[in-house]
Structures are given as structure tokens and as C-alpha cells.
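A.B. asks: Take a look and give me a structure for this.
(one chain, ligands or ions: 1)
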Amino acid sequence: MIYKNPVVRGFYPDPSVCFANNKYYMVCSSFQFFPGVPIFESEDLVNWKQIGHCLTRKSQVMLENSVSSGGVFAPTIRFNNGTFYMVTTNTSVAQNFYVTTNNIYSEWSDPIFVEQDGIDPSLLFDGDHTYFISNGTDDNGNNGITQCEIDIKTGKKLTPSKTIWSGSGGRYLESPHMYKINGEYYLMAAEGGTEYGHMITYARSASVWGKFEPYEKNPVLTNRNLGGYMIQGVGHGDLIQNQNGDWFVIHLGFRQIDQWLPYHHLGREVFMTPIHFGENGWFTAGNDGTTAQEYEINGNFTQELKKVYTFENTSPDLEWCYMRHPDSSKYELSSEKYILHGTDKTIDDIASPTFIGLRQMDFNGEISCDLSVIDGEAGITLFMDEQQHYDLAVRNSEIGTEAVLKLNIGDIKHIQNSVKLSGNSAKLIIEMNNFIYTFKILNGDALHELGSAQTKYLSSEVAAGFTGVIIGLYAQQEGCKAEFTGFRTEYK
Ligand code: 6LW
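C.D. replies: Numbering: from 1, shown residues only. Prediction:
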């Protein structure tokens with residue numbers, strides 16, 4: 001069958017994948033959002049369903065002071081001897097750690113820390129040995145892909161950390177993953193930065209400590225030379241072999257808003273590109289080392305794309321996320337309505353304002369929701385970070401209740417429009433396409449268009465950072481009570 005990229009849409013960067021109990025499992029980075037590290041499951045590598053998160057407790061990850069795009073960076077998931085391992089970095093406290101579980105549908109352990117620095121840690125299980133690999137600095141002060149052997153029970157280092165590869169010369173050498181395939185060690189990494197120059201490179205060696213011989217045509221995968229192409233920034237990936245024996249790399253990439261408009265606001269998404277091993281043991285990727293929009297995969301199944309997201313067909317414990325550590329007493333969530341209680345924290349603060357969000361997963365579609373607000377402000381925010389967000393809100397003041405459209409782009413914080421409401425309820429409607437969001441309010445029978453705003457100002461090119469737009473429901477001001485019903489996001 002033919003599958004289309006991306007295989008997981010919306011801000012789910014830095015994918016890592018493993019095979020266990022006849023299924024594939026994938027994790028992605030989550031930064032300041034909580035719970036941390038979403039987990040997906042698949043039977044075919046193409047259709048992915050979220051089943052939980054690895055980091056569901058404060059005791060596993062401290063995000064209190066994480067700035068946007070701080071917190072939890074790229075994770076790696078591995079399965080060994082009946083146990084799952086997820087290893088990552090909390091960049092806000094600069095610590096590498098892993099958590100474990102024997103049952104991926106339940107809770108994961110408290111963190112086990114490893115005293116090797118850098119980001120993007122990975123594990124290789126090789127017989128009785130476990131290797132811990134990150135992009136970091138070794139015990140002699142050398143930078144690069146750094147490795148030590150650890151005691152997997154305690155996380156204690158059994159050897160010094162040693163730099164084993166310095167990449168092919170691209171900036172930001174990161175994302176190391178080591179594999180043992182047919183007795184040889186393959187070390188795959190990303191270079192070029194997670195932007196338009198992103199790429200995957202690799203090297204191989206007969207020994208886990210090297211010397212690693214680089215693939216002579218590195219980078220093995222990059223779209224950096226495809227000008228005017230919608231899929232850009234491909235890199236940071238993990239190899240996986242499916243049950244038919246076919247190999248793929250599951251990796252990140254992003255979709256720019258138009259052929260000649262290099263902006264992306266949906267974040268980095270999950271792509272899948274076929275890998276072919278030659279007889280000499282070196283592998284190639286995709287179409288002459290690039291990722292295309294669609295590929296053929298062996299198998300008799302179809303790619304199901306979920307188009308409609310409602311309170312009924314999603315779960316607050318799965319697709320929805322909070323900022324940092326939420327105060328659960330401020331949220332009353334059911335499949336009929338989400339009631340949010342505001343505090344003095346706003347969505348401009350590096351704090352945990354009352355906010356619950358769902359990633360924007362595609363360009364074209366419509367968001368709608370009924371909202372009634374008492375004593376404060378609540379609404380829907382298209383949230384890139386504290387500085388870049390568009391808010392369609394209902395708020396009460398001395399003069400009554402009004403609907404407002406607020407645009408926040410860096411230092412520009414602008415009230416674009418407002419309209420007085422009769423009563424304290426309205427339906428909020430946001431139409432989305434590649435280029436603009438259009439904001440409307442239905443109050444009784446009266447439909448008001450409050451304005452529109454360009455998607456590009458919420459893009460990573462403007463905002464920087466590593467996240468993507470989240471459709472957030474929020475409430476602010478002490479005493480504010482907001483009732484959201486009939487939430488629906490439908491993609492075309
Ligand atoms: C991640 C690094 C990267 O840790 O971006 O794509 C960082 N590459 O590997 C944040 O996602």
C-alpha cells in the first residue's frame with residue numbers, strides 16, 4: 001500500500017521507535033508540556049495511536065521553571081528482556097536519565113540518572129553490556145558522540161565516557177543511535193541543526209568503541225537541497241525493521257506553509273522513509289537520500305487519518321497537555337465539558353496557567369467550541385509560546401461581557417477587535433488554512449468576524465524554539481470559571 005508522510009501530524013518531534021510483543025512503540029519529545037514524552041503504538045508503522053506518556057509524575061521530571069522549548073528533549077525508547085527503557089534529558093536541570101516499565105500501558109519508574117552530559121541520550125543493549133550514548137563531552141573534554149558502559153540497574157558508569165565519533169562536519173552533531181546489525185555496529189546521528197540544513201549521517205565499526213568508518217556518501221538523508229519543496233528539515237531519526245524484513249527510518253521533518261514560503265508553524269512532525277541495505281552492508285535512504293511525500297510499503301492495510309477531534313473522542317490523559325505542572329483542582333474534565341478555573345497566572349507567564357491543549361495537526365480545518373465565562377477571561381489560544389499566540393476570548397468587565405481577538409507577536413501585543421456580547425456565552429470559531437486563521441464569534445444569532453492573522457508569525461522561523469502550535473483552552477484571573485462545551489476541530 002501507499003502511505004503518506006507525515007505519518008504522525010503536528011508537533012511530535014524527535015521520534016524514537018522500538019519493537020516489542022508484536023507491536024511498534026514510539027516516543028517523542030515534549031519540552032515544557034506535561035505529561036512528558038507521549039507514547040504511540042502501531043501494528044504497521046504507518047497508523048499510530050497514542051497510548052500514554054512516560055513522564056506522568058512530578059517525581060520523574062521537574063518542569064517548574066522550564067522555559068518554552070526547555071524541559072524534555074529528544075527521548076529514545078528501547079525494549080530489552082521484557083523491560084521498556086525511555087532515556088532522555090531534562091534540559092532545564094541538565095540531567096540525563098531513564099525510566100523503565102514492564103507494562104507500557106501503566107506507569108513508568110522514577111528516574112535513574114546517568115553522569116554523562118549532553119543531550120539526546122540513547123541505549124544499546126549488547127549481550128551483558130549496556131552502552132549509554134549522547135552528544136556530549138567525554139572525560140577528556142572532547143566533544144562529539146560520547147559513550148560509556150553503564151550498570152543498567154543503577155545507571156552507574158562502568159567505564160569513562162569516551163568520544164567515539166565527531167560526525168561528518170555538520171554543525172550540531174546530535175541524536176546518536178547505535179545498532180548492532182549482522183555483528184557490526186552502526187552509529188547514526190543528525191547534523192546541520194533541526195532546521196533547513198538538517199540531515200542524517202552514519203558510520204560503522206566492527207567494535208562498539210570504534211574506530212567508526214563514515215558512510216562515504218553522508219548525509220544519507222536530507223532535504224536541504226530541495227528548494228521549493230514542502231517537506232523540509234528531515235533528520236533526527238531511528239532505524240526500525242518491520243516484520244516483513246523491510247527497514248525504515250522514522251524521523252522528524254516539517255511541512256512549510258507553501259512551496260516558496262519557508263515558514264512552518266505545525267512544529268516538527270513524524271516522517272517515515274524506506275532504507276535499503278546494499279550487499280556491502282552500507283544502507284541508503286529514500287529517493288537518492290531525500291524524503292518524499294509518499295512511499296509504498298508491503299502490506300494489506302490502509303492509512304487512517306483521523307479528521308475530527310472532540311471531547312468525546314479524545315482523552316485529557318492522552319492527546320491533551322498542560323504547561324509545566326498543572327494544579328489539578330483547576331480542571332474539571334469530562335467527555336461532555338471542560339470546566340476551567342482561572343488563576344492570576346496568564347498564558348504569557350513562565351508558570352502553569354490554567355491551560356489544556358491539543359496540537360494543531362494540519363493546515364486546513366475549523367475549530368469551534370461553545371464557551372461561557374464568569375468573572376474573568378477564557379478562550380481558545382493558538383499557542384506557539386508565551387510571546388507568540390493568537391487568542392479568541394470572552395471576558396467580563398465592569399461594562400459587561402465582550403469577545404476579543406488578541407494577537408501577540410513578540411513585543412507587539414494587540415487587541416485586534418472586540419464585540420459586546422449579550423449574555424456571557426458565545427460560540428468561538430477559528431477557520432484555519434496554510435496562510436491565515438480567521439476568528440469568528442456566534443452570539444445568539446449574530447455572527448461577528450473579529451479578524452484574521454497570518455500563520456507565519458506563529459512559525460518556528462519567527463518564534464524560534466522547538467515546539468509547534470497548540471490549540472489551547474485557557475482561563476485566567478482568580479475566580480474565573482469557564483465552561484467549554486461542544487469542542488470540535490475538524491481537518492479537511
Ligand atoms: C533535539 C535535538 C534536535 O534534542 O532538536 O532535531 C533538539 N534535533 O536532537 C530538540 O528537539
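
A.B. asks: For the chain, which segments are assigned as helices?
C.D. replies: Taking DSSP state H to define them, one finds helices in the chain at 460-463.

A.B. asks: what does the stretch 251-400 of the chain put close to the ligand?
C.D. replies: Contacts of the stretch 251-400 of the chain with the ligand, taken as Cβ under 6 Å from any ligand atom, map to residue 252. All C-beta atoms are positioned from the backbone trio N, CA, C, and that covers glycine.

A.B. asks: Mind jotting down where the strands sit in the stretch 251-400 of the chain?
C.D. replies: 269-277, 283-285, 294-296, 308-310, 322-323, 331-333, 337-341, 354-359, 365-374, 377-383, 388-397, 400-409 (DSSP state E, counting those that start in this stretch).

A.B. asks: Reformat these as CSV; add distance to residue 157 and mean pLDDT.
C.D. replies: As requested, the strands of the stretch 251-400 of the chain are exported to CSV (distance: least, Cβ to Cβ, whole Å; pLDDT from 0 to 100):
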stretch, distance to residue 157, mean pLDDT
strand 269-277, 32, 98
strand 283-285, 31, 98
strand 294-296, 41, 97
strand 308-310, 44, 98
strand 322-323, 34, 98
strand 331-333, 41, 98
strand 337-341, 45, 98
strand 354-359, 37, 98
strand 365-374, 49, 98
strand 377-383, 40, 98
strand 388-397, 41, 96
strand 400-409, 45, 97
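
A.B. asks: Mean neighbour count and distance to residue 53 added to the ones you listed, as JSON lines?
C.D. replies: Output for the strands of the stretch 251-400 of the chain, formatted as JSON lines (neighbours: other Cβ atoms under 10 Å; distance: least, Cβ to Cβ, whole Å):
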{"stretch": "strand 269-277", "mean neighbour count": "21", "distance to residue 53": "16"}
{"stretch": "strand 283-285", "mean neighbour count": "20", "distance to residue 53": "30"}
{"stretch": "strand 294-296", "mean neighbour count": "13", "distance to residue 53": "29"}
{"stretch": "strand 308-310", "mean neighbour count": "15", "distance to residue 53": "18"}
{"stretch": "strand 322-323", "mean neighbour count": "26", "distance to residue 53": "11"}
{"stretch": "strand 331-333", "mean neighbour count": "16", "distance to residue 53": "16"}
{"stretch": "strand 337-341", "mean neighbour count": "20", "distance to residue 53": "19"}
{"stretch": "strand 354-359", "mean neighbour count": "23", "distance to residue 53": "14"}
{"stretch": "strand 365-374", "mean neighbour count": "20", "distance to residue 53": "24"}
{"stretch": "strand 377-383", "mean neighbour count": "25", "distance to residue 53": "19"}
{"stretch": "strand 388-397", "mean neighbour count": "22", "distance to residue 53": "23"}
{"stretch": "strand 400-409", "mean neighbour count": "20", "distance to residue 53": "28"}
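
A.B. asks: export those to CSV and tack on distance to residue 115?
C.D. replies: Formatted as CSV, the strands of the stretch 251-400 of the chain follow (distance: least, Cβ to Cβ, whole Å):
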stretch, distance to residue 115
strand 269-277, 31
strand 283-285, 33
strand 294-296, 41
strand 308-310, 42
strand 322-323, 30
strand 331-333, 37
strand 337-341, 41
strand 354-359, 34
strand 365-374, 45
strand 377-383, 36
strand 388-397, 37
strand 400-409, 41
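
A.B. asks: Can you tell me how far the residue of the stretch 201-350 of the chain found nearest the ligand is from residue 324?
C.D. replies: Closest to the ligand within the stretch 201-350 of the chain is residue 236: 3.7 Å, counting by Cβ to the nearest ligand atom. Counting by Cβ to Cβ, to the nearest Å, the separation of residue 236 from residue 324 is 24 Å.

A.B. asks: For the two, indicate the residue with more neighbours.
C.D. replies: Using other Cβ atoms under 10 Å as the criterion, residue 236 and residue 324 rank with residue 236 on top: 29 against 23.

A.B. asks: Please list the residues of the stretch 101-250 of the chain that sit near the ligand.
C.D. replies: Counting by Cβ under 6 Å from any ligand atom, the stretch 101-250 of the chain sits next to the ligand at 119, 120, 174, 175, 190, 194, 235, 236.

A.B. asks: which one of those residues is nearest residue 265?
C.D. replies: Residue 265 lies nearest to residue 194 out of those, by Cβ to Cβ, at 15.2 Å.

A.B. asks: I'd guessed that closest one sits against residue 235; true?
C.D. replies: Yes: using Cβ atoms under 8 Å, residue 194 is in contact with residue 235, at 6.6 Å.

A.B. asks: Now for those two: what residues contact both?
C.D. replies: Here residue 194 and residue 235 have residue 252 as joint contacts, going by Cβ atoms under 8 Å, 6 or more residues apart in numbering.

A.B. asks: got a list of what the spatially most distant residue from the centre of the chain touches?
C.D. replies: Centroid-distance maximum for the chain: residue 399 at 41.6 Å, with Cα atoms, centre = their mean. By Cβ under 8 Å, 6+ apart, the contact set of residue 399 is residue 420.

A.B. asks: ok, it to residue 420 distance?
C.D. replies: On the measure of Cβ to Cβ, residue 399 and residue 420 end up 8 Å apart.

A.B. asks: now residue 182
C.D. replies: Counting by Cβ to Cβ - residue 182 and residue 420 are separated by 71 Å.

A.B. asks: between those two, which one's more packed in?
C.D. replies: Between residue 182 and residue 420, residue 420 has the larger neighbour count (other Cβ under 10 Å), namely 11 against 7.

A.B. asks: Identify the bridge partners of the spatially closest residue to that one that is not a sequence neighbour.
C.D. replies: Spatial nearest neighbour of residue 420, excluding adjacent residues (Cβ to Cβ, 6 or more residues apart in numbering): residue 402 at 5.2 Å. Beta-bridge pairing for residue 402 (DSSP bridges): residue 395, residue 420.

A.B. asks: My understanding was that residue 402 contacts residue 394; is that so?
C.D. replies: Yes: because the distance of 7.5 Å satisfies Cβ under 8 Å, residue 402 is recorded as touching residue 394.

A.B. asks: any shared contact partners between these two?
C.D. replies: Common neighbours of residue 402 and residue 394 (Cβ under 8 Å, 6+ apart) are residue 421.

A.B. asks: so can I have JSON lines of the residues of the stretch 101-250 of the chain next to the ligand showing pLDDT?
C.D. replies: Shown next, in JSON lines, are these (pLDDT from 0 to 100):
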{"residue": "119", "pLDDT": "98"}
{"residue": "120", "pLDDT": "98"}
{"residue": "174", "pLDDT": "98"}
{"residue": "175", "pLDDT": "98"}
{"residue": "190", "pLDDT": "98"}
{"residue": "194", "pLDDT": "97"}
{"residue": "235", "pLDDT": "98"}
{"residue": "236", "pLDDT": "98"}
